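[1] sequence and computational prediction follow.
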Amino acid sequence: MRKLFSLLLVLLGFAAQAQVTFKITAVPANTPANATLYIAGTFNSWNPGSTTHALTHNADGSYQITLPATTGTMEYKFTRGAWASVETNAANGSVPNRSYTFGSAPATVLCQVLNWEDLAGGGGGSTSTAAANVSVISTTFAMPQLGRTRRVWLYLPPGYATSGRRYPVLYLQDGQNVFDAATSFAGEWGVDEALNLLATSGQDPTGCIVVAVDNGPNRLDEYSPWNNPAYGGGQGDLYVDFLVQTLKPYIDSNYRTLPDRANTGIGGSSMGALIATYAALREPTVFGKVASFSPAYWFAYPQLAAYAHQHPANPNTRFYFVSGTNESATMAPNMQAIRDSLQRGGVPAANLNFNTRADGQHAEWFWKREFPAGYSWLYAAATATATHPAQTLAVSLYPNPAARELRVSLPANLAGEALLEISDARGRAVLRTRVRNGQAVDVSRLAAGLYLSRLTAGSAVGTSKFTKE
């Protein structure tokens, strides 16, 4: 009877999560006959050419792949092995991420690919959304440690040309997605718009230089110093060498930077957050701030945990963590474990900002929403004085964009209310009210556009931007 009961539990477990087959029934007529198609998404850290996720080409001309059983919702797109050859719509514009929610029974999802970005003459398929103070340093910046080249982007703060001042720097990974929707493969972060709005509203008087490095076909290899038997990795040390030995010296030599560790940050999402965390641990004299958005610590968790234990972080390094509570079974627990390990190693709680969002997803729209809060907290120290250290309140607003109401997410340990002040892109105050964590605010009367919020609780201040539809 006990064996029968155990077997029943196993069968029920399988019933709760079933595999799915994705089948492409039609592709563009100009698809090369020998092309290999791939599926990339949240399940493989958006690797566009993972051999594990190549589709089988059937005799009837269709393509298909079966993914193993799991739970939750995944997002995905089809490629021909690189983001330069990702699927696009009929007008060669970018398409939203596809999504699928796993159920209790096996399923087949039928799909069609309407266009390929590189075969339709669109070069991205949409108008550039990068701000005027964003430029490309080089499309072929040399990476001698890896024997490759890469596009590198640069954001200079408003007023940089005439200020004569020096600025802190933030190095971000997956550069295609940082500034420009036309180059992004899964949506852009809008870092340039966010920082410009903070600057023009007076909430970021110091400003910051942002350097963003594109990923390449070897993304998983470069973003992990350790090998994952299923997905690769192992070139992370060479990538960090590139950042520290080649890129940072170039930036410090050619731009007015504050080159010390206290003013140098590194960040990214998913695999980009993994390599950013590792870089700060390996190079404590170089990086003093870490922005870790939905970190893919699962990719090399035992190794990263051991490394963090063996190489305690500089106690003055500031770490900002954020993820959705349901992105995966291991996302939030691994993030918390790394946070706890850093604290045991000597990083004070005041330098560890840990956040989980109930609605958070492994997607660019989520990281775009969360970036202003993370940036404001990490770089608050740059504007603090020795006698009056800055206290930053980690805040988030959702949904974003908002149509009728905006919900406020404040730290769970915050007692009482916070003062919410909303200003438009010109810095004019348009709304002022007191709010509690989770409270909805009516914004239906606001005109469509970009807004900045400022929440104050005691001496702590947090900022976040949102778009009103």
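    Perfect, thanks for sending it. Numbers count the residues shown, from 1 in each chain.
[2] helices of the chain, residue ranges please.
    2-15, 160-163, 191-200, 219-222, 236-241, 248-254, 271-282, 301-310, 331-344, 364-378 (DSSP state H).
[3] what's in contact with the fifth one?
    Contacts with helix 236-241, where a contact means C-beta atoms under 8 Å, 6 or more residues apart in numbering, come from 143, 145-146, 221-226, 275, 278-279, 282-283. For the C-beta atoms, the positions are set from N, CA and C on the backbone; glycine is no exception.
[4] circling back to that earlier point, rank the helices of the chain by pLDDT, which is bottom?
    Mean pLDDT is lowest for helix 2-15 among the helices of the chain, at a mean of 46.
[5] re earlier: could I get the helices of the chain as CSV with distance to Gly324?
    Converted to CSV, the helices of the chain look like this (distance: least, C-beta to C-beta, whole Å):
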stretch, distance to Gly324
helix 2-15, 24
helix 160-163, 35
helix 191-200, 20
helix 219-222, 21
helix 236-241, 25
helix 248-254, 31
helix 271-282, 13
helix 301-310, 18
helix 331-344, 7
helix 364-378, 7
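[6] if we can go back for a sec, so which of the contacts of helix 236-241 is the closest to Ala35?
    Nearest to Ala35 out of these is Asp221 (C-beta to C-beta; 22.9 Å).
[7] that closest one contacts Gln235, doesn't it?
    Yes - under the criterion of C-beta atoms under 8 Å, Asp221 makes contact with Gln235 at 4.3 Å.
[8] circling back: among the helices of the chain, which is nearest Phe102?
    Closest among the helices of the chain, using C-beta to C-beta: helix 2-15, at 11.8 Å.
[9] list the buried residues of stretch 199-213.
    Buried residues in stretch 199-213, counted by 16 or more other C-beta atoms under 10 Å: 199, 201, 203-204, 206-213.
[10] mind saving the C-alpha coords of it as PDB?
    The C-alpha coordinates for stretch 199-213 follow below in PDB (Å, rounded to 0.1, in the frame of the first residue of the first chain):
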ATOM      1  CA  ALA A 199      18.700  65.000 -13.600                       C
ATOM      2  CA  THR A 200      16.200  67.500 -15.000                       C
ATOM      3  CA  SER A 201      13.900  67.200 -12.000                       C
ATOM      4  CA  GLY A 202      16.800  67.900  -9.600                       C
ATOM      5  CA  GLN A 203      16.700  64.400  -8.000                       C
ATOM      6  CA  ASP A 204      20.100  63.300  -9.300                       C
ATOM      7  CA  PRO A 205      22.300  66.500  -9.200                       C
ATOM      8  CA  THR A 206      25.500  64.500  -9.500                       C
ATOM      9  CA  GLY A 207      24.700  62.400 -12.600                       C
ATOM     10  CA  CYS A 208      26.500  59.300 -13.800                       C
ATOM     11  CA  ILE A 209      28.300  58.000 -16.900                       C
ATOM     12  CA  VAL A 210      26.900  54.700 -18.100                       C
ATOM     13  CA  VAL A 211      28.900  52.300 -20.300                       C
ATOM     14  CA  ALA A 212      27.000  49.400 -21.800                       C
ATOM     15  CA  VAL A 213      28.600  46.500 -23.500                       C
END
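[11] how's this protein carved up into domains?
    15-119, 134-383, 396-468 (automatic domain parsing).
[12] possible to save those domains as a markdown table with distance to Thr127?
    Formatted as a markdown table, those follow (distance: least, C-beta to C-beta, whole Å):
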| stretch | distance to Thr127 |
| --- | --- |
| domain 15-119 | 10 |
| domain 134-383 | 6 |
| domain 396-468 | 17 |
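[13] for the ones you listed, which one ends up most surrounded?
    Among the domains of the chain, domain 134-383 has the highest mean neighbour count (mean count of other C-beta atoms under 10 Å), at a mean of 20.
[14] distance between stretch 36-51 and the chain's centre?
    On the basis of C-alpha atoms, centre = their mean, to the nearest Å, stretch 36-51 sits 17 Å off its chain's mean C-alpha point.
[15] how long is that stretch from one end to the other?
    The first residue of stretch 36-51 is 10 Å away from its last residue (C-alpha to C-alpha, to the nearest Å).
[16] again with stretch 170-180
    First-to-last residue span, stretch 170-180, C-alpha to C-alpha: 17 Å.
[17] mean confidence for that stretch?
    Stretch 170-180 comes out at a mean pLDDT of 95.
[18] compare the domains of the chain and report which one is nearest to Ser128.
    Evaluated over the domains of the chain, closeness to Ser128 peaks at domain 134-383, with 4.7 Å, by C-beta to C-beta.
[19] okay, and the beta partners of Gly267?
    Listed by DSSP bridges, the beta-bridge partners for Gly267 are Leu172, Ala291.
[20] contact partners for it?
    Contacts of Gly267 by C-beta under 8 Å, 6+ apart are 170-173, 273, 276, 289-293, 320, 374.
[21] how close does it sit to Val213?
    Separation of Gly267 from Val213 (C-beta to C-beta, to the nearest Å): 12 Å.
[22] now for those two: what residues contact both?
    Common neighbours of Gly267 and Val213 (C-beta under 8 Å, 6+ apart) are 171-173.
[23] distance to Ser253 for the residues you listed - can I get that in a markdown table?
    Output for the shared contacts of Gly267 and Val213, formatted as a markdown table (distance: C-beta to C-beta, whole Å):
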| residue | distance to Ser253 |
| --- | --- |
| Tyr171 | 15 |
| Leu172 | 20 |
| Gln173 | 22 |
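[24] and which of these is nearest to Val113?
    Of the shared contacts of Gly267 and Val213, the one sitting nearest to Val113 (C-beta to C-beta) turns out to be Gln173, at 27.6 Å.
[25] can you name the residues that contact the closest one?
    Gln173 makes contact with 212-213, 215, 223, 267-269, 271-272, 275-276 under the criterion C-beta under 8 Å, 6+ apart.
[26] do that again at 10 Å, thanks
    212-215, 219, 222-223, 239, 243, 266-276, 279 (C-beta atoms under 10 Å, 6 or more residues apart in numbering).
[27] nearest to Ser62, of the shared contacts of Gly267 and Val213?
    Using C-beta to C-beta, Gln173 is the member of the shared contacts of Gly267 and Val213 that lies nearest Ser62, at 35.2 Å.
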